[in-house]
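Chemist: I would like the atomic coordinates for the input below:
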Amino acid sequence: MFFDVLDFSVFYVLFFQIYLLKPAPERNFPITFKDGEIVYPDFAYPMRPNIVPIWLSAIISFGVPAIVIALCQIRIRSFWDVNNAIFGITYSLINAAAFQVFIKWLIGGLRPHFLDVCKPDMTKINGINGVGVGFQNLFFTKDVCTGDESEINDSLESMPSGRK
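Modeler: Okay, the predicted model is just below:
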């Protein structure tokens with residue numbers, strides 16, 4: 001049991017550190033065409049607060065199954081069954097979160113509110129010496145963004161999620 005807790009702790013700390021890192025690859029993204037039209041309006045939605053906060057999601061994800069397991073064990077009363085079930089829930093939640101954090105960090109993607117968070121400096125984009133790369137200098141890095149860096153980094157880590 002000690003090694004299980006040690007394993008959980010090391011795994012959690014490792015992937016929490018990855019969560020705190022900036023997105024791994026430098027991501028290029030288009031903002032506007034030369035005529036000023038937004039390339040992907042899907043990324044221009046306003047930023048909204050989470051409907052369910054992350055901390056509440058974590059409590060529900062662990063708490064509801066733990067309560068169901070405890071209720072099912074009222075009749076059987078086996079400590080080891082409860083112990084193994086709780087460790088199983090903990091292990092699966094940590095692994096799922098770690099996998100999601102690693103994929104978001106490594107692959108990423110733009111969230112629907114990316115442009116709202118980025119707040120691109122249009123003088124860098126539309127200027128004579130634009131800093132864009134690629135065909136017709138259409139793609140940019142987060143260097144053109146003027147928003148909060150932590151929010152920008154977070155909005156660059158969309159995949160995998162249920163959003164577009």
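Chemist: the strands in this protein, which residues?
Modeler: 29-30, 139-140 (DSSP state E).
Chemist: Turn the ones you listed into CSV, including mean neighbour count.
Modeler: For the C-beta atoms, the positions are set from N, CA and C on the backbone; glycine is no exception. Converted to CSV, the strands of the chain look like this (neighbours: other Cβ atoms under 10 Å):
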stretch, mean neighbour count
strand 29-30, 19
strand 139-140, 20
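Chemist: Turn the ones you listed into CSV, including mean pLDDT and distance to Ser92.
Modeler: CSV is the format used below for those (pLDDT from 0 to 100; distance: least, Cβ to Cβ, whole Å):
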stretch, mean pLDDT, distance to Ser92
strand 29-30, 88, 34
strand 139-140, 87, 39
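Chemist: Out of these, which is closest to Ala44?
Modeler: Of all these, it is strand 29-30 that lies closest to Ala44, at 11.7 Å by Cβ to Cβ.
Chemist: Which strands and helices lie in contact with the closest one?
Modeler: Based on contacts counted as 3 or more Cβ pairs under 8 Å, 6 or more residues apart in numbering; DSSP states H and E, the elements that strand 29-30 packs against are strand 139-140.
Chemist: which residues make contact with the strand it packs on from outside it?
Modeler: Here strand 139-140 makes contact (Cβ atoms under 8 Å, 6 or more residues apart in numbering) with 28-31, 120, 124-125, 131-133.
Chemist: Who wins on neighbours among those?
Modeler: Within those, Ile31 tops the neighbour count with 23 neighbours, counted by other Cβ atoms under 10 Å.
Chemist: hmm, back to that, what's the closest of the contacts of strand 139-140 to Asn50?
Modeler: Asn50 lies nearest to Phe29 out of the contacts of strand 139-140, by Cβ to Cβ, at 22.9 Å.
Chemist: circling back: next, format the strands of the chain as JSON lines and append distance to Val101.
Modeler: As requested, these are arranged in JSON lines below (distance: least, Cβ to Cβ, whole Å):
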{"stretch": "strand 29-30", "distance to Val101": "21"}
{"stretch": "strand 139-140", "distance to Val101": "26"}
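Chemist: quick one: which of those strands is nearest Pro41?
Modeler: Shortest distance between Pro41 and the strands of the chain, using Cβ to Cβ, is found for strand 29-30: 11.5 Å.
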